[in-house]
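> predicted model and sequence below, questions to follow.
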Amino acid sequence: MGLVDTLMGKESSALLALDISSSRVKLLELTGDATRMQVKSYATEDLPPNAVADNQIANAEVVAEAIGKAVKRSDTRLNTAAVAVTGSSVISKIIDMPATLSEDEIEQQIGFEADQYIPYPIEDVSLDFQILGPSERDPDMNSVLLAACRRDTVDMRVAAVEMAGLRARLVDVEAYALQNACQLLVSHLSGAGAGQTVAVVDFGASNTCVNVVHDQETVYTREQSFGGRQLLEEIQRRMEIPASEALRMLRSGELASEVRSDVLPNFAELMAQQIDRSLQFFFSSFTESDTVDQVLISGGCALLPEIDEMVERHLGISTKVGNPLHGVRVSASARRNRVDMEGPALMVATGLAMRSFH
């Protein structure tokens, strides 16, 4: 059972990670293993407006063209790829099943009972599952994570990959890919995060995903509709410039004085409010910790100048920019300085690429 060959990484093989966001395609290839990785290939390609809308691919041909350009620029030799669907398009549920069941038997039983958990006709969804381990409620049962996504959402991503001349080997869920990258990010902290509660907040173009890692284990996740698009639109409005020029300004760091002195600090305050709101939900649902030791921000918004310092002033919690590829070896063709500079925006791509090691 799976969205293509597998969801959530039950198999391991060399995979080319393709993070398809609303504004660009990010390509990343990692080699080695989970303890000693190397960035073998890396490239990005911008997408035109509306090629991806509301987290769905609206024009597979245009996205395929961007993937093809990124592949050519990266000089990768891989032709098997991993992509991800957004958490908002996925239904997930943890169910208990007898520990005596094999994976084949679990797959068969889920097929029979899926309509109890999924509010769509079974023929319209792609399903997968992962055995999490013994149930806390009953030692004779296993907790099983069931994930389902509308088939048309999966098919559009697979179509874009295949039109680019690649094979879609794995379709993951962005939230799960982020959890992979979070574990890598936290491992860079003092003591590898042991005994600490760390909030990793990934700010994308349209969505923000919060992962709280307590004592090296992800204990809380939350996704909300907020991202860099709000900043882009405010710059357009203030400066009276087109979206393309506002985006160029943000990516180059060549920000007008009005943006630096007013727009950016206001946006940092909004970022802090989003983080604080998510942490309040976390504290209300998790009894083992009532404080967060550190906040790590990532995603495209983390590339904004001095954004961690501005967020920290509003939040009152130590805040740093997190780079999952910090200290990772980089091949000459992938360009060390570019990977270092853009690393904080590569959380999903890193999590996908790490599926090669699982």
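Structure received.

> all helices for the stretch 151-300 of the chain, in order.
If DSSP state H, counting those that start in this stretch is used as the criterion, the helices of the stretch 151-300 of the chain fall at 151-163, 174-187, 228-239, 243-252, 257-258, 264-285.

> just give the number of residues close to E174.
The number of residues packed near E174 is 27, by other C-beta atoms under 10 Å. (C-beta placed from N, C-alpha, C; glycine too.)

> er, V348 I mean
32.

> what about it, distance to G195?
V348 sits 28 Å away from G195, going by C-beta to C-beta, to the nearest Å.

> repeat that for F226.
For F226, the distance to G195 - C-beta to C-beta - is 30 Å.

> likewise for V52?
V52 is 40 Å from G195, by C-beta to C-beta.

> again, but for Q179
According to C-beta to C-beta, Q179 and G195 sit 20 Å apart.

> more neighbours, these two?
More crowded of Q179 and G195, by other C-beta under 10 Å: Q179, with 18 against 10.

> excluding its backbone neighbours, what's nearest that one?
Take Q179 and drop its neighbours on the chain: the residue closest to it by C-beta to C-beta, 6 or more residues apart in numbering is T218, 5.1 Å away.

> pretty sure the one you found contacts N211?
Yes: using C-beta atoms under 8 Å, T218 is in contact with N211, at 5.6 Å.

> now do the shared contacts for the two.
Q179, C182 (C-beta atoms under 8 Å, 6 or more residues apart in numbering).

> more neighbours, the two?
The neighbour count for T218 versus N211, taken as other C-beta under 10 Å, is higher for N211 (27 against 18).

> that one contacts N180, correct?
No: at 10.3 Å, N211 and N180 do not qualify as touching, with contact defined as C-beta under 8 Å.

> can you tell me the SS state at the closest residue to E174 other than its chain neighbours?
In this structure, E174 finds its nearest non-sequential neighbour in A84, 4.5 Å apart by C-beta to C-beta, 6+ apart. With DSSP: H, G, I helix; E, B strand; the rest coil as the basis, the three-state label of A84 is strand.

> which SSE is V348 in?
Per DSSP states H and E: V348 is located in helix 347-353.

> tell me what that helix is packed against?
Helices and strands touching helix 347-353, as assessed by 3 or more C-beta pairs under 8 Å, 6 or more residues apart in numbering; DSSP states H and E, comprise strand 16-20, strand 24-33, strand 80-85, strand 167-173, helix 174-187.

> so how far is the first one from its chain's centroid?
In terms of C-alpha atoms, centre = their mean, to the nearest Å, the gap separating the centre of strand 16-20 from the centre of its chain is 10 Å.

> what residues does that strand touch?
25-30, 41, 47, 52, 57, 63, 67, 70-71, 76, 78-84, 157, 160-161, 166, 346, 348-353, 355.

> swap in the longest one?
Under the contact criterion C-beta under 8 Å, 6+ apart, helix 174-187 has outside partners 8-9, 84-87, 90, 192-193, 196, 198, 200, 202, 209, 211, 213, 216, 218, 221, 223, 296, 298, 322-324, 347-348, 350-352, 354-355.
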